[in-house]
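J.: okay, predicted coordinates and the sequence, questions at the end:
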Amino acid sequence: MSIDLRDIFKNKDEYLNKEVTIQGWIRNHRKQKEFGFIDFSDGTCFKHLQVVYDNKLSNFADITKLRIGSAITVIGKITPSLKNSDDVEMQTTSVTLEGDCDEDFPIQPKRHTREFLREVAYLRPRTNLFNAVFRVRSVAAHAIHEYFQDRGYVYFHAPLITASDCEGAGEMFQVTTLDLDKIASLGKVDYSKDFFGKHASLTVSGQLEAETWALSYKKTYTFGPTFRAENSNTKTHANEFWMIEPEIAFCDLEEDMNIMEDMLKYVVKYVLDACPDEIAFFDSFVEKGLKDKLVKLINSEFVRIDHEEVIRILKEADVKWEFPPEYGEDIAKEHEKYITEYFNGPVFIKNWPKDIKAFYMKQNPDGKTVAAVDLEVPGAGELMGGSQREESYDKLIKRMDELKMDSASLDWYLNLRRYGGCVHSGFGMGFERLLIYLTGVENIRDVIPYPRTPNNCDY
């Protein structure tokens with residue numbers, strides 16, 4: 001039975017001077033006249049194992065011809081490394097080729113650009129950078145589930161096909177089985193003849209449906225893919241991405257922020273503890289000071305400040321803004337950066353102008369703002385957003401009328417206010433935004449296995 005490298009490096013004393021079988025791939029191969037070195041990886045951990053072989057092996061000549069990328073089975077003894085006594089290597093007794101690799105294998109032991117690696121996305125996990133990125137993605141996902149499961153939340157699978165536009169922005173991919181060529185010739189669409197008998201789209205958020213679960217289970221969360229038909233080619237936008245969206249009954253905005261802060265600190269610490277080699281790699285080769293940034297976040301007290309006060313600070317700042325801050329308006333990236341530097345840490349900006357926020361947010365007594373919050377973190381800007389939801393049926397109806405929304409299509413959502421409604425809150429965090437923050441890899445295309453962006457739907 002083969003042994004995973006993860007277990008060998010985790011329990012080096014247990015395997016030292018013992019013969020084991022390992023199976024994996026050649027990352028690099030250095031050959032000399034009487035011996036050779038194989039840089040071996042099996043994908044179970046970030047570290048590689050140096051496999052040493054010599055001309056005493058009967059198939060020495062064949063081993064020297066093995067190419068980078070080939071799959072092999074190796075039998076040998078685990079011994080202390082000659083270069084580093086704290087590390088180990090393998091003295092080989094047998095090497096068997098399991099799967100050859102053509103000479104045109106794109107991933108060679110040299111520095112490849114991230115743009116090139118996106119073109120061979122099915123191979124990029126074989127590089128150090130993406131091996132680390134996608135392991136952190138896996139570990140962070142586990143940490144999120146563990147956080148909520150350990151605290152009694154029910155995991156809710158929100159529908160991916162929906163008739164509701166949660167954000168009201170209309171940037172939704174349509175789902176249809178209608179003959180588009182026929183529609184184009186007729187010039188009209190009869191949605192009653194479509195598959196679902198109505199206009200249907202891919203979801204932009206599972207929040208509205210999750211609220212129904214929160215008013216049954218008290219605490220729930222979604223964690224799944226969402227979609228935006230937004231023709232944007234920035235480093236932080238994709239058309240398919242994953243969202244974490246908890247909803248909590250009997251929870252106001254202050255408690256919502258408590259949960260946001262607690263969850264983020266938990267996940268960051270979990271990744272730091274579980275992925276020390278990956279974090280060290282990112283710190284050395286991707287973002288200098290990354291580990292210190294993450295440790296500082298864990299130990300920070302998150303500031304809580306009203307949107308109006310933020311605008312005042314920005315207006316009084318001795319800065320020539322590209323986009324001058326204004327009361328009643330959103331803030332720009334340059335403002336987010338200034339505010340986190342001003343407070344030297346994460347900042348909750350709360351009580352936003354009603355006119356720039358979604359219809360479902362709790363209206364404050366001033367009639368101008370809503371109980372909404374965005375979390376700004378140093379080096380990344382907005383990472384999470386949430387709100388207390390409007391629990392008043394009459395106020396929600398009035399707000400939807402103001403926005404000229406079709407309240408009839410959301411009668412089920414409105415009825416939550418009629419059938420045992422209560423104060424409740426929630427928030428959303430884009431999983432890829434979190435991964436950008438955790439790894440220092442600044443482009444969302446490089447933290448999603450197979451990114452979906454405008455004019456890009458490969459694999």
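T.: Now that the structure is in, tell me what you want to look at.
J.: for Ser94, which three-state class applies?
T.: Under the three-state scheme (DSSP: H, G, I helix; E, B strand; the rest coil), Ser94 adopts strand.
J.: got the contact list for it?
T.: The contact partners of Ser94, taken as Cβ atoms under 8 Å, 6 or more residues apart in numbering, are 57, 73-76. Yep, even glycine has a C-beta here, placed from its N, CA and C like the rest.
J.: of all these, which comes closest to Asp283?
T.: Looking at the contacts of Ser94 and their distance to Asp283, the nearest is Val74, at 30.9 Å (Cβ to Cβ).
J.: what's opposite that closest one in the beta bridge?
T.: Following DSSP bridges, Val74 is listed with bridge partners Ile22, Val95.
J.: next up, the contacts around it.
T.: By Cβ under 8 Å, 6+ apart, the contact list for Val74 reads 21-23, 38, 40, 51, 90, 92, 94-96.
J.: could you identify which of those residues has the most neighbours?
T.: Ile38 (28 neighbours; other Cβ atoms under 10 Å).
J.: which SSE is it in?
T.: strand 35-41 (DSSP states H and E).
J.: was I right to think Pro225 contacts Trp242?
T.: Yes. Between Pro225 and Trp242 there is a contact under Cβ atoms under 8 Å: 5.5 Å.
J.: of those two, which one has the most company?
T.: Per other Cβ under 10 Å, whichever of Pro225 and Trp242 has more neighbours is Trp242, with 21 against 15.
J.: quick one, what contacts that one?
T.: By Cβ under 8 Å, 6+ apart, the contact list for Trp242 reads 223-226, 430-432.
J.: and what of Met429?
T.: Counting by Cβ under 8 Å, 6+ apart, Met429 touches 243-245, 264, 383-385.
J.: where do the strands of the stretch 151-300 of the chain begin and end?
T.: 154-155, 161-162, 174-175, 200-202, 219-227, 240-249 (DSSP state E, counting those that start in this stretch).
J.: any chance of the ones you listed in a markdown table, plus mean pLDDT and distance to Lys288?
T.: Shown next, in a markdown table, are those (pLDDT from 0 to 100; distance: least, Cβ to Cβ, whole Å):
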| stretch | mean pLDDT | distance to Lys288 |
| --- | --- | --- |
| strand 154-155 | 98 | 37 |
| strand 161-162 | 94 | 43 |
| strand 174-175 | 92 | 45 |
| strand 200-202 | 93 | 39 |
| strand 219-227 | 97 | 31 |
| strand 240-249 | 97 | 27 |
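J.: and Arg135, which of those strands is closest to it?
T.: Smallest distance to Arg135 across those (Cβ to Cβ): 16.3 Å, for strand 240-249.
J.: Phe116 is in what secondary structure piece?
T.: For Phe116, the host element (DSSP H and E) is helix 114-119.
J.: typo on my end, it should be Ile311
T.: helix 307-316.
J.: dump that helix to PDB, restricted to CA.
T.: Output of helix 307-316 as PDB, limited to C-alpha atoms (Å, rounded to 0.1, in the frame of the first residue of the first chain):
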ATOM      1  CA  HIS A 307     -21.500  56.000   6.800                       C
ATOM      2  CA  GLU A 308     -22.100  59.700   7.500                       C
ATOM      3  CA  GLU A 309     -19.100  59.900   9.800                       C
ATOM      4  CA  VAL A 310     -16.900  58.100   7.200                       C
ATOM      5  CA  ILE A 311     -17.900  60.700   4.600                       C
ATOM      6  CA  ARG A 312     -17.000  63.500   7.100                       C
ATOM      7  CA  ILE A 313     -13.600  62.000   7.700                       C
ATOM      8  CA  LEU A 314     -13.000  61.600   4.000                       C
ATOM      9  CA  LYS A 315     -14.000  65.200   3.300                       C
ATOM     10  CA  GLU A 316     -11.700  66.600   6.000                       C
END
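J.: pLDDT on that helix, on average?
T.: Helix 307-316 comes out with an average pLDDT of 98.
J.: please apply the same query to stretch 330-346.
T.: What stretch 330-346 shows for mean pLDDT is 96.
J.: and for stretch 205-215?
T.: pLDDT averaged over stretch 205-215 gives 96.
J.: how far off centre is it?
T.: When distances are taken as Cα atoms, centre = their mean, to the nearest Å, stretch 205-215 is centred 21 Å away from the chain's centroid.
J.: ok, stretch 300-317 next?
T.: 27 Å.
J.: tell me which residues of that stretch are tucked away?
T.: Applying a neighbour-count criterion of 16 or more other Cβ atoms under 10 Å, one finds 300, 302-305, 307-308, 310-311, 314 buried in stretch 300-317.
J.: and that stretch, how far apart are its ends?
T.: With Cα to Cα, to the nearest Å as the measure, the first residue of stretch 300-317 is 24 Å from its last.
J.: hmm, who's touching it?
T.: 257, 261, 321, 325-327, 331, 335, 338-339, 342-343, 345-353, 369, 375.
J.: related to what we said a few turns ago, please point out which parts of the strand holding Ile38 sit buried.
T.: For strand 35-41, the neighbour count (16+ other Cβ under 10 Å) marks 35-36, 38-41 as buried.
J.: where does the prediction get shaky in this structure?
T.: Confidence mapping of the chain against pLDDT under 70 gives the ranges 166-170.
J.: could you redo the last one with a cut-off of 80?
T.: Scanning the chain for pLDDT under 80 picks out 85, 164-170, 186-187.
J.: now the strands for the stretch 301-450 of the chain?
T.: According to DSSP E, counting those that start in this stretch, the strands that the stretch 301-450 of the chain contains are 303-306, 347-353, 369-377, 381-388, 424-430.
J.: for the stretch 1-150 of the chain, same thing?
T.: Counting by DSSP E, counting those that start in this stretch, the stretch 1-150 of the chain has strands at residues 19-31, 35-41, 49-54, 71-80, 88-99.
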